[in-house]
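Colleague: no sequence on hand, only this structure:
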């Protein structure tokens, strides 16, 4: 799939991982010090909630996202209390994404 691939052919950019997804991804990784995994997971959660949740504008235009990517992004929207502008221009969002 070329979802997330930009028009310029750059590496794909996907929706931000929810903390639970990031924690699951970390569980598949190996750390020298096992305690570091929990620290990294907690830092990701705090940072993601601050950055994404505190943003007044999010720009995800021209990424060739489809419905699946929009559904992933929509999981964040309840946490985006300061969001005033969401740019999704240049994506391939259909009815399924709009319903999300």
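Modeller: The structure has been received and is ready for your questions. These numbers were taken from a predicted model, which means no experiment stands behind them.
Colleague: show me what the lowest-mean-pLDDT helix or strand in the chain is packed against.
Modeller: Across the helices and strands of the chain, the lowest-confidence element by mean pLDDT, DSSP states H and E is helix 95-99, at a mean of 84. Packing partners of helix 95-99 (3 or more CB pairs under 8 Å, 6 or more residues apart in numbering; DSSP states H and E): helix 67-74. Quick note: C-beta positions are derived from backbone N, CA and C, even for glycine.
Colleague: the helix it packs on: how far from the chain's middle?
Modeller: Here helix 67-74 is found 9 Å from its chain centre; the criterion is CA atoms, centre = their mean, to the nearest Å.
Colleague: tell me how far residue 58 lies from residue 79.
Modeller: 12 Å (CB to CB, to the nearest Å).
Colleague: which of those two has more neighbours?
Modeller: residue 58 (18 against 14; other CB atoms under 10 Å).
Colleague: quick one: residue 86 is in a strand?
Modeller: Yes: judged by DSSP: H, G, I helix; E, B strand; the rest coil, residue 86 forms part of a strand.
Colleague: what residues are up against the nearest residue to it once chain neighbours are set aside?
Modeller: Of all residues not flanking residue 86 in the chain, residue 58 sits nearest, at 5.3 Å (CB to CB, 6 or more residues apart in numbering). Contacts for residue 58 (CB atoms under 8 Å, 6 or more residues apart in numbering) come out as 52, 80, 83, 85-87.
Colleague: and the next element down the chain from the longest helix seen in the chain?
Modeller: For the chain, the longest helix by residue count, based on DSSP state H, is helix 35-53. Sequence order places strand 57-59 as the next helix or strand after helix 35-53, per DSSP states H and E.
Colleague: now that next one, how far from the centre of its chain.
Modeller: Here strand 57-59 is found 12 Å from its chain centre; the criterion is CA atoms, centre = their mean.
Colleague: pairing partners for it, with directions?
Modeller: strand 85-87 (parallel) (DSSP bridges).
Colleague: for the partner strand, give me every contacting residue.
Modeller: With CB under 8 Å, 6+ apart, strand 85-87 has contacts from 56-61.
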